[in-house]
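Chemist: With the sequence up front, the predicted model follows.
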Amino acid sequence: TQLLEQSPQFLSIQEGENLTVYCNSSSVFSSLQWYRQEPGEGPVLLVTVVTGGEVKKLKRLTFQFGDARKDSSLHITAAQPGDTGLYLCAGLYGQNFVFGPGTRLSVLP
Amino acid sequence: DSGVTQTPKHLITATGQRVTLRCSPRSGDLSVYWYQQSLDQGLQFLIQYYNGEERAKGNILERFSAQQFPDLHSELNLSSLELGDSALYFCASSVFGTGLNEQFFGPGTRLTVL
């Protein structure tokens, strides 16, 4: 059983569409991060959210941390082919770092 | 380029063998993390070192061990290899040893056990 669940597992959309991916847990995290990983490379940090209800924007990406700090969402506006990749959420659980299984996004031109 | 280097990039070996993966953290980073990424298990945290000392332990098998040297580079040793150990192994580094601080990932080592 994964401590962090992500949905959807796969998402294929056309360029210009909007999308939201989700990261959920039954556990409370003091903070949560989102990473993007491209094929053949390591994950790259996009954002860290700390406060329940926090919203952070990074250009066309909007990240939200749930009020109870158990879930998070990533919304992409007007997706572009360069957004293609594996989106991972991660949290600190005790002393260990836990990653979700990821959402694999494909944006078609 | 994250500034984290890993060698080798690819490694092919046989069951029962032992291999060593090497990681050099970003300049100034004191903490090193090792992760295993496979298709069915996702990215799994193995172990963390901070300034030469073990800081946190995740799902690391007893057949695996790691260390961080005085120059802060780290090695992950995998022994008695099994087919299921085939995976991507990532090293990451960060400035701090505690909290969910930003980790910079290396390009990974792809291990294939035949």
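Modeler: Structure received. Numbers count the residues shown, from 1 in each chain, chains lettered A, B, ... in the order given.
Chemist: Neighbours of residue 63, how many?
Modeler: Since no chain was named, I'll use chain A. Neighbourhood size, A:Phe63 [other CB atoms under 10 Å in any protein chain shown]: 22. For every residue, glycine as well, the C-beta is placed using N, CA and C.
Chemist: please go with chain B instead
Modeler: Quick note: B:Arg63 (other CB under 10 Å) scores 13 neighbours.
Chemist: mind checking how far the residue nearest the centre of chain B is from B:Tyr50?
Modeler: The centroid of chain B falls nearest to B:Trp34 when counting by CA atoms, centre = their mean (3.0 Å). According to CB to CB, to the nearest Å, B:Trp34 and B:Tyr50 sit 13 Å apart.
Chemist: Then B:Gln36?
Modeler: B:Gln36 is 20 Å from B:Tyr50, by CB to CB.
Chemist: same deal with B:Val95?
Modeler: 10 Å.
Chemist: close to chain A, is stretch B:93-107?
Modeler: Yes. In terms of CB under 8 Å from any CB of the partner chain, part of stretch B:93-107 sits within range of chain A, namely B:Gly99, B:Leu100, B:Glu102, B:Gln103, B:Phe104, B:Phe105, B:Gly106, B:Pro107.
Chemist: Can you tell me which of these is nearest A:Leu92?
Modeler: B:Leu100 (4.3 Å; CB to CB).
Chemist: Model confidence at that closest one, what's the number?
Modeler: We have a pLDDT of 72 for B:Leu100.
Chemist: before we move on, the earlier item: so which of the residues of stretch B:93-107 next to chain A comes closest to chain A?
Modeler: Of all the residues of stretch B:93-107 next to chain A, chain A sits closest to B:Phe105, with 2.9 Å by CB to the nearest CB.
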